[in-house]
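Participant: sequence-free structure coming up:
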């Protein structure tokens, strides 16, 4: 294979048989079950990277069912998202996600920097209850429940929330094991059509696990829950902060010096 052929054909790994196709990535009947809960603010500070700012000590625990997604197929996802602020803009930081399908694990990590790992999440209706579960191997680490469609929510308001910016910490190592890419990435969901949105009484249980540490953001109080069904396109991202840039390091040193002088 010629040098120029490698350059022009390179998209993802493996070179001649990528794990996922080029986008756009459209999702039909994407189903969200999101439980918002209050947690320990110190635990949040340990996992949310600067320059993101924590707004409140809350976490959104998500179970997401994706039966029809371009290039990725039919899969389910579960994990934690933290409401944050970036330069005055409200958004969400994706902390950790677990799913049961290789192409979106590979694509999510390589393209955007989604913190995805392989596990066994499920989302289904059991009689009168919406039930989300997450197993890591044979071990249950998350169980969420909500009364099924007890009260309708405003679809336009939920579409606006889905369109808000999301932030990811993308890390790709060099061959020597050091970070070659370490960036804060922002992305948006686009072309959103909310087909339905509901709320109801909810509960969430998280269990400790060494390799799936969702319980390190403990549930102190369940605040709300919602069930949303929507069609949308997952937009590609932009880099908003480069942790390895010399300019970023200079700005950090200058900011620290200002704080010391002011103190």
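Facilitator: Perfect, I can see it now. Since we're looking at a predicted model, the values are computed, not measured. Residues are numbered from 1 along each chain as shown.

Participant: Where does the prediction get shaky in this structure?
Facilitator: Within the chain, the ranges that satisfy pLDDT under 70 run 248-263.

Participant: Quick check: residue 39 vs residue 60, distance?
Facilitator: As defined by CB to CB, to the nearest Å, residue 39 lies at a distance of 11 Å from residue 60. Every residue, glycine included, has its C-beta placed from N, CA and C.

Participant: before we move on, what about residue 137?
Facilitator: 25 Å.

Participant: what about stretch 62-79, how long is it end to end?
Facilitator: 5 Å (CA to CA, to the nearest Å).

Participant: What is the distance between it and the centre of its chain?
Facilitator: Relative to its parent chain, stretch 62-79 has a centroid offset of 12 Å by CA atoms, centre = their mean, to the nearest Å.

Participant: List the buried residues for that stretch?
Facilitator: 62-66, 69, 71-72, 75-79 (16 or more other CB atoms under 10 Å).

Participant: contacting residues around residue 19?
Facilitator: For residue 19, the contact set (CB atoms under 8 Å, 6 or more residues apart in numbering) comprises 12-13, 102-103, 106-107.

Participant: Buried subset of those residues as a ChimeraX selection?
Facilitator: Only the buried entries of these go into this ChimeraX selection, using 16+ other CB under 10 Å:
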select :12,103,106,107
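
Participant: Walking through the stretch 1-150 of the chain, point out its helices one by one.
Facilitator: 3-9, 41-47, 102-107 (DSSP state H, counting those that start in this stretch).

Participant: Pick the most deeply packed of these.
Facilitator: helix 102-107 (a mean of 20; mean count of other CB atoms under 10 Å).

Participant: Report all helices and strands that that one contacts.
Facilitator: strand 73-86, strand 116-118 (3 or more CB pairs under 8 Å, 6 or more residues apart in numbering; DSSP states H and E).

Participant: can I get the contacts of residue 19 in CSV with distance to residue 237?
Facilitator: Converted to CSV, the contacts of residue 19 look like this (distance: CB to CB, whole Å):
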residue, distance to residue 237
12, 15
13, 18
102, 21
103, 18
106, 16
107, 12
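
Participant: Now tell me what touches stretch 132-151 from outside.
Facilitator: Identification of contacts with stretch 132-151 by CB under 8 Å, 6+ apart yields 33, 35, 61, 63, 78, 98, 119-123, 125, 128-131, 198-209, 211-212, 214-215, 225, 227.

Participant: roughly how far apart are the residue most central in space within the chain and residue 198?
Facilitator: In the chain, the residue lying closest to the centroid (CA atoms, centre = their mean) is residue 94, at 3.5 Å. Separation of residue 94 from residue 198 (CB to CB) stands at 24 Å.

Participant: now swap in residue 50 and tell me
Facilitator: Distance, residue 50 to residue 198, by CB to CB: 36 Å.
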